[in-house]
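*Asks:* with the sequence up front, the predicted model follows.
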Amino acid sequence: MTRGWVVGVAAVLYVGTATTAWTQALPAFTLEGLTNGAWAAIDNAAAKADESGSNAGFVIGADGVLVVDTFENPAAAKKMLEAIREKTKLPVKYVVNTHYHLDHVAGNAVFAGAGAVVMAHENVREWERTENLKFFGEKPTAEQKAMVEGLYLPDVTYEREAMAYIGAKHGVELKYMAGHTGGDTVVYDAESNVVFCGDLFWNKTLPNLIDASTKEWIETLDTLVQDHPTAKFVPGHGDHAGGAGDVKAFRDYLAFLRDAIAKAQAGGAKGDAVVKAVLPEIKAKYGDWAFPEFMEPDIQRTDEELRGVKRLPPVAKK
């Protein structure tokens, strides 16, 4: 298969039908062993068949396994389930969706079928089958609509936080934190000192800001570094887990973006003029980061955010 970018989505969505035997042989992801039963599943960007589209991971406890995110297609999720089975015969008890975006939830049904309970912030259940349609443009096909409408929703939701036990005294902390979508969960396993960040952390990778509130996001990243200074942080995108310094570098990108755009606005720039003013600065400072396609959208969306006109996913009234 060939790859095609849909502006505004972090995932690479399939377009086309042909592939070669060589690309078929490439794994959808690679496993990065962390500590004490925690593993990161790192997206293999070179894989054309059954690609994962994002990072995920899992934690093996004494009584079971907790999985964090399920990739952008069921085939990659099945491969992660197989990889888990190779490491343990314990049941997969939980799946945690860090947010609603398609590239992190499309394999939910694979794990639910294996007996896992899918958990997420309450907004994930609200948005998964609605907001994901926007990533296919103004006129999604019937097939695309059916795929989104058929996504497996979380079984259990929470407003602020929850604990998922994979051992008598081994609780994994799930905590809502603001920034990327308005429905993001950070997963912290104290046993391994690993933080699964979902798309709240992009390691040397430019982010998707389509649903973002960058002011709150910066505050979230400051809190993560302060609370977990020695932890390993698994990013939603990026080619390896990072440390506090990597999280701070990403935090500084968001701050740089906000400051550069605010200065352009203060100088009277509007619309395309803001992009023209800020783009060279981003290229100079972050030109070696992955996903350069997001440079211009990041400027446009942050410009809208700072002007107070950005559209965010609607929160259901309680």
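*Replies:* Happy to help now that I have it. Numbering: from 1, shown residues only.
*Asks:* alpha carbons only for contacts and neighbour counts from here, please
*Replies:* Fine.
*Asks:* which pLDDT does the model give the most centrally placed residue in the chain?
*Replies:* Note on the chain: the residue nearest the mean C-alpha position is Asp199, at 3.3 Å, using C-alpha atoms, centre = their mean. You'll see Asp199 listed with a pLDDT of 98.
*Asks:* same check on the one 3 residues further on?
*Replies:* Trp202 carries a pLDDT value of 98.
*Asks:* what's across from it in the sheet?
*Replies:* Beta-bridge pairing for Trp202 (DSSP bridges): His237.
*Asks:* so what's the residue count around the nearest residue to the residue nearest to the centre of the chain once chain neighbours are set aside?
*Replies:* Setting aside the residues directly before and after it, Asp199 is nearest to Gly236 in space (C-alpha to C-alpha, 6 or more residues apart in numbering), at 4.4 Å. The number of residues packed around Gly236, counting by other C-alpha atoms under 10 Å, is 31.
*Asks:* buried ones in stretch 293-303?
*Replies:* Neighbour counts over stretch 293-303 (16 or more other C-alpha atoms under 10 Å) mark 294-303 as buried.
*Asks:* in this protein, which helix has the most residues?
*Replies:* helix 244-266 (DSSP state H).
*Asks:* Gly242 contacts Asn203, doesn't it?
*Replies:* Yes - if you go by C-alpha atoms under 8 Å, Gly242 and Asn203 touch, sitting 7.0 Å apart.
*Asks:* joint contacts of the two?
*Replies:* Pro235 (C-alpha atoms under 8 Å, 6 or more residues apart in numbering).
*Asks:* could you list the low-pLDDT ranges of the chain?
*Replies:* Across the chain, the ranges flagged by pLDDT under 70 are 1-25, 48-49, 317-318.
*Asks:* strands along that one, start to end?
*Replies:* In the chain, the strands defined using DSSP state E lie at 2-4, 13-15, 29-33, 38-43, 56-60, 65-68, 92-97, 117-121, 156-158, 161-165, 171-176, 185-189, 194-202, 232-237.
*Asks:* pipe the ones you listed into a markdown table and attach distance to Val274 per row.
*Replies:* Below are those laid out as a markdown table (distance: least, C-alpha to C-alpha, whole Å):
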| stretch | distance to Val274 |
| --- | --- |
| strand 2-4 | 27 |
| strand 13-15 | 29 |
| strand 29-33 | 37 |
| strand 38-43 | 33 |
| strand 56-60 | 35 |
| strand 65-68 | 37 |
| strand 92-97 | 35 |
| strand 117-121 | 35 |
| strand 156-158 | 39 |
| strand 161-165 | 38 |
| strand 171-176 | 32 |
| strand 185-189 | 32 |
| strand 194-202 | 24 |
| strand 232-237 | 27 |
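*Asks:* quick one: closest of those to Glu143.
*Replies:* strand 13-15 (12.4 Å; C-alpha to C-alpha).
*Asks:* Gly245: neighbour count?
*Replies:* Close neighbours of Gly245, defined as other C-alpha under 10 Å, add up to 12.
*Asks:* cool, the one 5 residues further on as well?
*Replies:* When neighbours are defined as other C-alpha under 10 Å, Phe250 has 22 of them.
*Asks:* surely it touches Trp202?
*Replies:* Yes - using C-alpha under 8 Å, Phe250 is in contact with Trp202, at 6.6 Å.
*Asks:* just the helices in the stretch 1-150 of the chain please.
*Replies:* Using DSSP state H, counting those that start in this stretch, the helices assigned to the stretch 1-150 of the chain run over residues 21-25, 74-87, 102-105, 108-113, 122-127, 142-149.
*Asks:* as a markdown table, those helices with mean neighbour count and distance to Gly267 would be great.
*Replies:* Shown next, in a markdown table, are the helices of the stretch 1-150 of the chain (neighbours: other C-alpha atoms under 10 Å; distance: least, C-alpha to C-alpha, whole Å):
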| stretch | mean neighbour count | distance to Gly267 |
| --- | --- | --- |
| helix 21-25 | 11 | 49 |
| helix 74-87 | 18 | 48 |
| helix 102-105 | 27 | 38 |
| helix 108-113 | 20 | 47 |
| helix 122-127 | 21 | 37 |
| helix 142-149 | 13 | 42 |
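*Asks:* farthest pair in the buried residues of stretch 293-303?
*Replies:* Using C-alpha to C-alpha, the buried residues of stretch 293-303 span at most 13.8 Å, a distance reached by Phe294 and Asp303.
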